[in-house]
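Visitor: Build me a model:
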Amino acid sequence: MKSLVLSTAFLALMAAPALAGKAFISNERGNTITVLNTDTWEVETEFFAGNRPRGITVSPDGKIIYVCASDDNLVRVFDSTTYEELPSLPSGPDPELFILEPNGERLFIANEDDNLVTVTDTTTRTILAEVPVGVEPEGMGMSPDAKFVVNTSETTNMAHFISTEDYKIKHNVLVDQRPRYATYTADGTRLFVTSEIGGTVTAMDIAEDGAPTVIGKITFEVAGVQPEWLQPVGAKVTSDGKRLFVALGPANRVAVVDAQSLEVLDYILVGQRVWQLSFTPDEKYLISTNGNSNDVTVIDVAAEKAIKSIQVGQQPWGVVTIE
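Guide: Below you'll find the model as predicted:
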């Protein structure tokens with residue numbers, strides 16, 4: 001009898017459907033989140049996400065979705081399985097991008113209108129600090145050891161290195177015009193900052209104490225594309241630190257860069273006005289949000305080729321994935 005019970009249980013387990021990975025796409029104009037199955041690449045559903053959803057991330061366990069509802073002046077929170085809305089978080093005015101620390105406790109939020117970075121406790125739902133930064137803060141990055149948050153201020157054209165211990169700015173680095181995004185390599189030894197209007201990516205080496213040193217700037221050139229259309233915005237670097245992928249806005253390309261030599265290797269054609277990027281957790285695929293064509297493009301990371309485009313909501317902006 002015991003053997004029969006175990007066999008039945010085993011067969012039931014084998015028959016149960018495997019849990020699919022998901023991508024959550026914030027649709028800035030549609031005010032929704034599109035849920036995409038990353039196994040079948042089919043849209044599962046779409047739900048209301050507040051007014052003008054842009055930045056999007058998930059808790060470390062993948063159970064909670066956080067969304068910058070820019071026109072609501074708050075961070076909306078959702079269950080990643082049921083899509084039920086949970087109590088929201090205070091964010092300061094016009095939150096656009098944010099970064100969640102690895103333990104999920106604090107959210108660092110760029111407030112474009114008030115020139116502040118707001119620090120919010122995700123458990124108590126209270127604001128812990130407001131850090132004055134440059135004019136029009138947008139991009140948010142965090143060092144892998146969580147000791148520094150990097151904010152990019154669009155009008156000041158700086159990357160501000162904020163200590164997560166005392167919320168003080170320790171370093172300011174001048175970059176090119178309208179910096180949009182900041183991302184570290186997984187080992188924390190290099191940082192990349194994209195500059196939309198400057199048309200460059202500034203590369204910095206990071207010392208053990210977190211201090212940055214600019215080592216070079218990556219520029220882009222695509223035959224038949226006007227230089228002013230080459231506008232670096234979102235960026236992601238592979239966990240091995242070998243490849244940097246850069247969304248080039250109205251150029252409708254994702255650049256492939258050798259993250260060590262800073263050489264541009266290739267350009268991948270995607271949808272119109274590519275904005276943000278996200279790897280699937282296994283890093284097999286990279287998803288781009290294409291705001292003007294209302295779709296996302298799936299890129300095979302190993303092959304460095306686009307393999308599929310999927311229609312989503314109106315003006316997709318941000319994307320995050322879970323297993």
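
Visitor: Which pLDDT value belongs to the nearest residue to residue 84 once chain neighbours are set aside?
Guide: Once flanking residues are discounted, residue 84 sits nearest to residue 78: 6.8 Å by Cβ to Cβ, 6 or more residues apart in numbering. To be clear about C-beta, it is placed using only N, CA and C from the backbone, and glycine gets the same treatment. On the pLDDT scale, residue 78 is placed at 98.

Visitor: Next: residue 20.
Guide: 81.

Visitor: repeat for the one 4 residues further on
Guide: pLDDT, residue 24: 98.

Visitor: In which helix or strand does it reside?
Guide: Residue 24 is located in strand 22-27, with elements delineated by DSSP states H and E.

Visitor: which strands and helices sit next to that strand?
Guide: Under the contact criterion of 3 or more Cβ pairs under 8 Å, 6 or more residues apart in numbering; DSSP states H and E, strand 22-27 touches strand 32-37, strand 53-58, strand 64-69, strand 285-290, strand 316-322.

Visitor: Kindly reformat these as a markdown table containing mean pLDDT.
Guide: Formatted as a markdown table, those follow (pLDDT from 0 to 100):
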| stretch | mean pLDDT |
| --- | --- |
| strand 32-37 | 98 |
| strand 53-58 | 98 |
| strand 64-69 | 98 |
| strand 285-290 | 98 |
| strand 316-322 | 98 |
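
Visitor: picking up where we left off before, which residues touch the strand holding residue 24?
Guide: Taking contacts as Cβ atoms under 8 Å, 6 or more residues apart in numbering, the residues outside strand 22-27 that touch it are 33-38, 44, 46, 49, 53-56, 58, 65, 67-68, 80, 278, 280, 287, 289, 296, 312-322.

Visitor: quick revisit: so which strand or helix has the residue nearest to residue 84?
Guide: strand 74-79.

Visitor: who does the very next helix or strand once past that strand touch, helix- and strand-wise?
Guide: Next helix or strand after strand 74-79 toward the C-terminus (DSSP H and E): strand 85-90. Applying 3+ Cβ pairs under 8 Å, 6+ apart, one finds that strand 85-90 makes contact with strand 64-69, strand 74-79, strand 116-121.
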